[in-house]
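[1] Pasted the sequence and its predicted model underneath.
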Number of protein chains: 2
Amino acid sequence: MNDINVAILGIGTVGTGAYKIIESQKDEFPYKTGSKINISKVLVRNKNKKREGINENLITDDWSEIINDDSIKIVIEVMGGIEPAKTYISEALKKGKSVVTANKDLIASYGSELLDLAKENKCDILFEAAVAGGIPIIRPLKQCLAANKIEEVMGIVNGTTNFILSNMTDEGMEFDDALKLAQELGYAEADPTADVEGYDAARKVAIMASIAFNSRVTFDDVYTEGISKISAKDIKYAKELGCDIKLLGVAANTDEGIEVRVHPMLIPSEHPLAGVKDSFNAVFVKGDAVGDTMFYGKGAGELPTASAIMGDVVDVARNINFDCCGRIGCTCYKQLPIKKMDDICSKYFIRMQLLDKPGTLASVLSILGNNGVSIYQMMQKKRRNNSNAEIVIITDSVKEKNLKDSMTILEGMSIVNKVSSIIRVY
Amino acid sequence: MNDINVAILGIGTVGTGAYKIIESQKDEFPYKTGSKINISKVLVRNKNKKREGINENLITDDWSEIINDDSIKIVIEVMGGIEPAKTYISEALKKGKSVVTANKDLIASYGSELLDLAKENKCDILFEAAVAGGIPIIRPLKQCLAANKIEEVMGIVNGTTNFILSNMTDEGMEFDDALKLAQELGYAEADPTADVEGYDAARKVAIMASIAFNSRVTFDDVYTEGISKISAKDIKYAKELGCDIKLLGVAANTDEGIEVRVHPMLIPSEHPLAGVKDSFNAVFVKGDAVGDTMFYGKGAGELPTASAIMGDVVDVARNINFDCCGRIGCTCYKQLPIKKMDDICSKYFIRMQLLDKPGTLASVLSILGNNGVSIYQMMQKKRRNNSNAEIVIITDSVKEKNLKDSMTILEGMSIVNKVSSIIRVY
């Protein structure tokens, strides 16, 4: 039996998780893969930092010790960020080392380039951990559902925002307070922008859309809108309409091109995604043959993410032992256009403050009608003061452009005190 | 590019689904697998039957035309039942043909033998479709979660019984009426025994447990109890206690051995499995690293099941093109004992009719106490007539044997009119 030596680049949360699993599963891997899995090196920036539980003889700050060691067959990249990760991964692939990475930033922007490089060098580059942490989703899309035309992928793929929205829903908290709580509990970073503004989710959706639709979608293609403007009142009114508000990544494969976007959305409370609470993630996949499927689990964390990483390592180890690395490479063999956001149709939830005098509502509805926006449902809330009436409208499905045009007109009218919220509806 | 020829054994619902997908995906498979996938032969019992949409030149009733055709590389077995499926599959493997099957009866009883045969002949035998129809679960267990010690697998894996229980829950129907409705709508067969008594679910749980725990579990190892004794009243009382009743397949990997069983169970209404309605299936998997995950989708039907079959065919085709068939074979490398049902601990829901006179309840509770059964929750329902009092007890976790012993005593007592229901609680 041949041993397989691996190097871990970065020993933060996820790297430590991978290290722990390699230790705890060391008697199992030979049966599962045909090889013992050994950690040869752990690359760090600061060699002198104390790291509990990590064998210090493995620690190095010198990449050349790894790249020039021909006995290292698999590089586990868990440093994050674009550089130096991209350079290291590229060099590893050129040397015939397979790569397992959790780096969504890198794959969402440079996936195509790296997958091509892997192919040229008959290597694997696997990244199950880059999307939705421990939840198996990349492999199901590339393999289990490979005989489907995937029509839609929709997911809650950011635990921080889901935690915040869950607390706003269940506890009636406002966004700022829920964010503060998330930071206190370690669910949100000190600078929460990437999570709260949807950039993290957008990267994951770009990766899933690329695989699901067999056509490359990059981070820049994804329309992104965060949750910082959602108020407890929006969530309360949504509930009255039988819906929950979630930050959803949505990718759809339509005849006119790929729709790909991240934004808050009202979904019916009985939809399986509505029940996904706190820091859990879930991805809903609709295929022409399989119909609706859903994958649910922990989207982040030391061991869940390391579970995905090490599942990939097991896969590569099996490929090494059967001499079939590169068996499943890039599956983007189409070049489908990305649909413009203005052309996407959706239903909308609109909350507005109107001047409370006769004829106001009629004027608003006629502006909407003139712009092709028809009303599916409406409610007027009880007056709090004399000069303001709050109304909530759910529109029928309408092109984004028409909706925006009508909102621009309404916002300029003296009878409209304020357009408080515009949120898409599933 | 080499074409890959396949034969389909059986052209019922699932076979027709596979046929349709091969047709609809014919321009995609070359990109996805590196090969065109051609149907060479379709094996049937009655050659003369009219089959809409199936090219009649492919139809044969002669197995020798398939087994002796060396150009056929993959055999798709969707006949069901033990024989002749087992003989055909064995012969195919011995000839070096890989096999994709949806046959849970066969895999649950003879999986070990067939996987060994595949290994000897460097072939694949894949069976994603045998468990939970279109839902990816075998591959996630064997690959994505391969770096976990799986602690528990629990699932709703029979659509017929879930449809019946959903209707009993949502419409208040009794079992017989819900079964009749299921039969009228085609969700239940004329002889519903295999579904209703849990045998179908038991086969699927045996397969999942074998893979999850790396130790062979066969159909005969699974304790099985169906849903025919569940009444609308049980479901109503369960709801009052915040629970739903589902037919669950449960497999757990404990220090004392593997627990594996199928029976109705109360689960909290907020548990993700409780929301799985009608003919949908879902499998809940708990791993030491990944934590809780769930896989949800259609557990049966022409195209969902064929989606799983053809996902396997894509996998085998990739293996053929990389000359690595047999890359993932049998993963049962342990021999863990199966725990006796008497030794399994569970909480129980007990509904009893007692003689309505002073001291009765005290006597019942003292019998339970003497047998080590302690009470977690109790409710006495309003009297309908003078001589009978209905009580519902939820016990603390207790060994099955103790519970059974106490029930035997109670059933022999004159103060106990009837023990109406005993249902396990999650």
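    Thanks, I have the structure now.
[2] and the nearest residue to A:Gly291 once chain neighbours are set aside, bridged to which residues?
    Excluding the flanking residues, the one nearest A:Gly291 by Cβ to Cβ, 6 or more residues apart in numbering or on different chains is B:Lys298, at 4.8 Å. (C-beta placed from N, C-alpha, C; glycine too.) Assessed by DSSP bridges, B:Lys298 has beta-bridge partners B:Phe280.
[3] residues near B:Lys298, how many?
    Residues contacting B:Lys298 under the criterion other Cβ atoms under 10 Å in any protein chain shown number 23.
[4] cool, and A:Asp176?
    A count of neighbours around A:Asp176, defined by other Cβ under 10 Å, yields 10.
[5] For whichever strand or helix holds it, which residues meet the burial criterion?
    Under DSSP states H and E, the secondary-structure element containing A:Asp176 is helix A:175-184. When burial is assessed from 16 or more other Cβ atoms under 10 Å in any protein chain shown, helix A:175-184 yields the following buried residues: A:175, A:178-179, A:181-182.
[6] Around chain B, which positions in the stretch 201-350 of chain A sit nearby?
    Counting by Cβ under 8 Å from any Cβ of the partner chain, the residues of the stretch 201-350 of chain A close to chain B are A:214, A:270, A:272, A:275, A:287-298, A:301, A:303-304, A:306-311, A:313-315, A:318-319, A:322-324, A:326-328, A:331, A:333.
[7] what do you get if the cut-off is 6 Å, keeping everything else the same?
    Proximity of the stretch 201-350 of chain A to chain B is assessed by Cβ under 6 Å from any Cβ of the partner chain, with A:275, A:289-291, A:293-294, A:296-298, A:303-304, A:307, A:310-311, A:314-315, A:318, A:322, A:324, A:327, A:333 identified as the residues in range.
[8] Break chain A down into its domains, please.
    A:4-133+A:302-321, A:150-298, A:342-421 (automatic domain parsing).
[9] Quick one, which of those domains gets closest to B:Ser24.
    When the domains of chain A are ranked by distance to B:Ser24, counting by Cβ to Cβ, first place goes to domain A:150-298 at 7.7 Å.
[10] distance between the closest one and the chain's centre?
    The chain centroid and the centroid of domain A:150-298 are separated by 8 Å, computed with Cα atoms, centre = their mean, to the nearest Å.
[11] Show me the longest helix that occurs in chain A.
    Secondary structure assigned by DSSP state H gives helix A:302-321 as the longest helix of chain A.
[12] Give me the mean pLDDT for it.
    Averaging the model's pLDDT scores along helix A:302-321 yields 97.
[13] so who does A:Glu411 touch?
    For A:Glu411, the contact set (Cβ atoms under 6 Å, 6 or more residues apart in numbering or on different chains) comprises A:Val419.
[14] For it, give me the pLDDT.
    94.
[15] For it, give its distance to A:Ile350.
    A:Glu411 sits 11 Å away from A:Ile350, going by Cβ to Cβ, to the nearest Å.
[16] again with A:Val276
    Separation of A:Val276 from A:Ile350 (Cβ to Cβ) stands at 26 Å.
[17] Summarise which helices and strands the helix or strand harbouring A:Ser366 is packed against.
    Taking DSSP H and E as the criterion, the element that holds A:Ser366 is helix A:360-370. The elements that helix A:360-370 packs onto, with contact taken as 3 or more Cβ pairs under 6 Å, 6 or more residues apart in numbering or on different chains; DSSP states H and E, are helix A:400-411.
[18] just for the stretch 301-426 of chain A, where's the confidence low?
    When the per-residue scores of the stretch 301-426 of chain A are filtered using pLDDT under 70, the ranges that remain are A:383-386.
[19] brain fart, chain A
    Across chain A, the ranges flagged by pLDDT under 70 are A:1, A:383-386.
[20] just the helices in it please.
    Listed in chain order (using DSSP H), the helices of chain A are A:13-24, A:29-33, A:63-67, A:85-94, A:104-120, A:138-139, A:159-171, A:175-184, A:193-196, A:199-213, A:232-240, A:302-321, A:360-370, A:400-411.
[21] can I get the ones you listed in a markdown table with distance to A:Ile150?
    Formatted as a markdown table, the entries for these read as follows, by distance: least, Cβ to Cβ, whole Å:
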| stretch | distance to A:Ile150 |
| --- | --- |
| helix A:13-24 | 28 |
| helix A:29-33 | 29 |
| helix A:63-67 | 37 |
| helix A:85-94 | 27 |
| helix A:104-120 | 17 |
| helix A:138-139 | 13 |
| helix A:159-171 | 23 |
| helix A:175-184 | 32 |
| helix A:193-196 | 26 |
| helix A:199-213 | 4 |
| helix A:232-240 | 28 |
| helix A:302-321 | 20 |
| helix A:360-370 | 34 |
| helix A:400-411 | 23 |
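[22] number of nearby residues for the residue lying closest to A:Gly326 once chain neighbours are set aside?
    For A:Gly326, the nearest residue in space outside its immediate sequence neighbours is A:Lys122; the separation is 4.7 Å by Cβ to Cβ, 6+ apart. Taking other Cβ under 10 Å as the criterion, the count of residues near A:Lys122 is 16.
[23] Ok, A:Asn68 next?
    Look at A:Asn68: counted by other Cβ under 10 Å, it has 10 neighbours.
[24] separation between it and A:Thr60?
    Using Cβ to Cβ, we find A:Asn68 at a distance of 12 Å from A:Thr60.
[25] for A:Leu117, same thing?
    A:Leu117 sits 24 Å away from A:Thr60, going by Cβ to Cβ.
[26] now do A:Val99
    Remark: distance between A:Val99 and A:Thr60 (Cβ to Cβ) = 18 Å.
[27] Neighbour count for those two, which is higher?
    A:Val99 (26 against 16).
[28] Report the beta-bridge partners for the more buried one.
    According to DSSP bridges, the residues that bridge with A:Val99 are A:Val75, A:Ile125.
[29] Hmm, it is touching A:Phe127, no?
    No. Contact between A:Val99 and A:Phe127 fails when scored by Cβ atoms under 6 Å: they sit 8.6 Å apart.
[30] List the contacts of A:Phe322.
    For A:Phe322, the contacting residues are B:324, B:327, by Cβ under 6 Å, 6+ apart.
[31] before we move on, back to that, return the closest of the buried residues of helix A:175-184 with respect to A:Met341.
    Distance from A:Met341 was checked for each of those by Cβ to Cβ. The minimum falls on A:Phe175, at 23.7 Å.
[32] Next one: that closest one from A:Val290, what distance?
    Spatial separation of A:Phe175 from A:Val290 under the definition Cβ to Cβ is 37 Å.
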